[in-house]
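# I'll drop the sequence and a predicted model, then ask my questions.
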Amino acid sequence: MTIRSLRELKRSLKPLDRVALVLAALYALVWMVRFTGHEPPLAGLVTFIFFLSLGYAIIRIGGWARKRLLWSLRNRLIIAYLFIAVVPVVMLLVLGGLSADILYRQLGGYLLVQDVQEHIEEVADAADVVAAGAGMLDPSVIAGPRSAKSFPTSLETQIAILEDRIPQIEFDLHSDGALLKQESAKNTGRFKGLVQSADTLWIVGEVKHNNALVMARVPVTSTLLARCAPFLGPIQVVMTRPAGASDPSQSVLRLGGGEYFAYAPKIETRLRKLGSASSWFDFQVDGISKMSSRLEDAKSHALSESPVFLSYSARVRSLNSHLFTSLGDLGDIYIQLFFAVLLVFIVLEAGSLVIGVVLTRTITRSVGDLYVATQYVRAGDFSHRIRVERADQLGALGESFNAMSSSIDSLVEEQRKRQRLENEVSIAQEVQSQLFPRNLPVIAGIQLGAYCKPARGVSGDYYDFLPLGSTRLGIALADISGKGISAALLMASVQAALRSQLLLNPDAATSAAEVVSRINRHLYLNTSEDRFATFFFAIYDSATRILRYTNAGHCAPMLINGEKLQRLETGGIVVGVFEDAEYEEGVVEVAPDSVLVVYSDGLIEPENVYGEEFGTSRLENVALRNRRSGADAMVASLLVAAEEWAGTAEQADDMTVIVSRLGQASKTVSSDESSSFDSTRLI
């Protein structure tokens, strides 16, 4: 690397890169100190931070590789062929190795367990022989206490023969029969298996014949293990009992969903060693098997289930001799044939990789021509054409590019049209903003706040405050079906109809139900059948503190006084559906310091990441918590709570909310309270 390259590398390093290099140097220093036999201070912290910096370095190197190495399509395709041709081969080899490992472990464990089972059967057969002989004797001959080595004369010969054939076997003609009470022995009257008693593992067979009950047992010792599966290497047996809370965790075995404590020393072969490998394929196989056994309690002599674990080591060649028993010496030939076929397979895969790289060159040449053509288009030259030389898919791609470049002028024109449409929508939004009250009316005893946030530039929601004299105020909120320009036009129609009714003759507006009925007829006569609106209209008189309202299918507004919340639901169906729809009027006497909250469904329908809506109950909780705030501040609190619940800037529906503080007799709102609403938080 030249000095110039080093300087360029230094200039390309970011501050975090330099920090990572310093941490790598500190970690190397820690290792140097550890090499001398000392533990430096803060070594653990340095190691942790080093691995963090190592992860950062991997990300940086990956980004550099992606930028430099993968920019070229040729390199991308070569790497793709590596993943297609090489990675599957490696995965197959790994899968084959894992399969062979599982097979040999299972085979070794199976052979070892089978050999132990043969010893168990041998002891059980010995108990059968003695029990058959004892069953033919007079019960008085075998009755009464008897030492372990004292047997009736007629049985001594049989027992002596069995003791010569099975070393260390013991017989008991006065067993308590507890083993025959196990589930496995109830139907047969014969028990055979492993029993852990007094820190000793026994191979036990217990048989009842007529009135004679005989138990034969052999201790599992190193000598016995040495006779088991001689083709295996060292064998170990671990006795266990169910783990308790006081047992040290390092001695607890966690296998098969259970926890067991190795309470006794391991039983293992002493002189048996694992033979050396006969070839490169003759790997060492280590395995473990589990056998069921009965655990005898030292005090109560009660029996419970607790397994023993048998571990072993073996060579692949010795296991193959049992796996291919029927083939004999032909087993090695089949294995060699398998590896020969594997080698041919790898050679074929390598050839496929070379062919893929050659084909890649033809692809990248065509892509290079396309790249050059895109540079002409980028510069604004739409007259450049690609020379098509092949009648294949790449040639068709070149023809498609030529056709695309010839149609770019039409695309540019389409973009201009779209820009004009966006400008028109922006103008429509500005015009619609003039339809909402620009200055809220000032009436003694009433404090007002409202805000509408459209979902698509223009809104289908409409709210209004209409002064009806010195003490009366009309409050309206409508939610037009649909969104966008069509809903905004219908919203303007509702605004015009409502204001023409009330502002020209405010004294005529005495019934909220009558006003809603006229709006319903207006929409029915001037819109199509599929257009309608929810509508809430109320007339509040600050002198009498009487609120008259009609709810036409709208979200029920909340009237809050202290901790009490009342829903305003009296009214009828949505407006614009039936010409002769009838509407009822609700009358409420407003308590002092009450708050009226009117909102559209866009305020309660935002969903969080789990698809759960904000809902009316959460809106009520927010309203109750902020009931003492100013009207504008309460509006902001409700909108912010809904947006924070959704957690995204994307808005599915128009959000409109009106807050009216009612029953504030002759209270003048301060400038601080009236200006507390910050609309920038909602944009």
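Cool, the structure landed.
# what's the nearest residue to Ala20 if we skip its chain neighbours?
In space, and not counting its chain neighbours, Ala20 is closest to Ser53: 4.0 Å by CB to CB, 6 or more residues apart in numbering. Placement of C-beta: from N, CA and C, glycine included.
# And for that neighbour, the neighbour number?
20 (other CB atoms under 10 Å).
# Which of the three states applies to it?
The local conformation at Ser53, judged by DSSP: H, G, I helix; E, B strand; the rest coil, is helix.
# Domain ranges for this structure, per the record?
The domain map for the chain lists 11-71, 108-323, 332-376+381-406, 437-682, with the assignment taken from automatic domain parsing.
# what about Leu421, which helix or strand?
Using DSSP states H and E, Leu421 sits within helix 408-433.
# Tyr81 is nearest to which of the domains of the chain?
Taking CB to CB, domain 332-376+381-406 is the member of the domains of the chain nearest to Tyr81, at 4.0 Å.
# Could you pull up the mean pLDDT of that closest one?
For domain 332-376+381-406, mean pLDDT rounds to 76.
# Stretch 266-278 too?
Rounded mean pLDDT across stretch 266-278 is 87.
# Show me what it is in contact with.
201, 220-222, 225-226, 232-239, 283-284, 313-315, 317-318 (CB atoms under 8 Å, 6 or more residues apart in numbering).
# With stretch 634-650 instead?
Contacts for stretch 634-650 (CB under 8 Å, 6+ apart): 449-451, 453, 595, 597, 599, 603-604, 606-609, 614, 618-619, 622-623, 625-627, 629, 655, 657-659, 676-678, 681-682.
# can you pull the buried residues of that stretch?
Going by neighbour count (16 or more other CB atoms under 10 Å), the buried part of stretch 634-650 is Met634, Val635, Ala636, Ser637, Leu638, Leu639, Ala641, Ala642, Glu643, Trp645, Ala646.
# Glu582 is in what secondary structure piece?
Going by DSSP H and E, Glu582 is not in any helix or strand.
# residues touching it, list them.
Counting by CB under 8 Å, 6+ apart, Glu582 touches Ser517, Gly572.
# What score does it have for pLDDT?
So Glu582 comes in at 91 (pLDDT).
# Let me see the backbone angles for it.
phi -100, psi 150 (degrees, to the nearest 10).
# Can you say which of the contacts of stretch 266-278 are buried?
When the contacts of stretch 266-278 are checked for burial by 16+ other CB under 10 Å, the buried set is 201, 220, 225, 232-235, 237-239, 313-315, 317-318.
# So for Lys417, which of the domains of the chain sits nearest?
With CB to CB as the measure, domain 437-682 is the member of the domains of the chain nearest Lys417 (15.9 Å).
# where does the closest one sit relative to the chain's centre, distance-wise?
From the chain centre to the centre of domain 437-682 is a distance of 42 Å (CA atoms, centre = their mean, to the nearest Å).
# circling back: adding pLDDT, write the buried residues of stretch 634-650 out as JSON lines.
JSON lines is the format used below for the buried residues of stretch 634-650 (pLDDT from 0 to 100):
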{"residue": "Met634", "pLDDT": "93"}
{"residue": "Val635", "pLDDT": "93"}
{"residue": "Ala636", "pLDDT": "93"}
{"residue": "Ser637", "pLDDT": "93"}
{"residue": "Leu638", "pLDDT": "93"}
{"residue": "Leu639", "pLDDT": "91"}
{"residue": "Ala641", "pLDDT": "91"}
{"residue": "Ala642", "pLDDT": "90"}
{"residue": "Glu643", "pLDDT": "88"}
{"residue": "Trp645", "pLDDT": "90"}
{"residue": "Ala646", "pLDDT": "86"}
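# now the helices: where do they sit in the stretch 1-150 of the chain?
Assigned by DSSP state H, counting those that start in this stretch, the stretch 1-150 of the chain shows helices spanning 3-12, 15-35, 43-68, 73-81, 87-135, 139-142.
# What lies in contact with stretch 606-616?
With CB under 8 Å, 6+ apart, stretch 606-616 has contacts from Cys555, Leu603, Ile604, Glu605, Ala641, Ala642, Glu643, Trp645, Ala646, Gly647, Gln651, Ala652.
# What is the end-to-end distance of it?
Distance across stretch 606-616, first residue to last, is 11 Å (CA to CA, to the nearest Å).
# what comes up buried for it?
Buried residues in stretch 606-616, counting neighbours by 16+ other CB under 10 Å, are found at Pro606, Phe614, Thr616.
# Which single one of these is nearest to Leu13?
Nearest member of those to Leu13, counting by CB to CB, is Pro606, at 45.5 Å.
# Could you measure from the nearest residue to the closest one once chain neighbours are set aside over to Asn439?
Spatially, and ignoring its direct neighbours in sequence, Pro606 is nearest to Ala646 (3.8 Å; CB to CB, 6+ apart). According to CB to CB, to the nearest Å, Ala646 and Asn439 sit 31 Å apart.
# Show me where the stretch 301-450 of the chain has its helices.
In the stretch 301-450 of the chain, the helices defined using DSSP H, counting those that start in this stretch lie at 316-323, 330-378, 393-406, 408-433.
# for the shortest one, packing partners?
So the one you mean is helix 316-323. Helices and strands touching helix 316-323, by 3 or more CB pairs under 8 Å, 6 or more residues apart in numbering; DSSP states H and E, are helix 87-135, helix 330-378.
# need those in JSON lines with mean neighbour count and distance to Glu170, can you?
Output for the helices and strands packed on helix 316-323, formatted as JSON lines (neighbours: other CB atoms under 10 Å; distance: least, CB to CB, whole Å):
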{"stretch": "helix 87-135", "mean neighbour count": "16", "distance to Glu170": "10"}
{"stretch": "helix 330-378", "mean neighbour count": "13", "distance to Glu170": "42"}
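# Tabulate those (TSV), appending distance to Lys483.
Conversion of the helices and strands packed on helix 316-323 to TSV gives the following (distance: least, CB to CB, whole Å):
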stretch	distance to Lys483
helix 87-135	50
helix 330-378	37
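# Can you check which of the ones you listed gets nearest to Ala245?
Each of those has some distance to Ala245 by CB to CB; the shortest is helix 87-135, at 31.1 Å.
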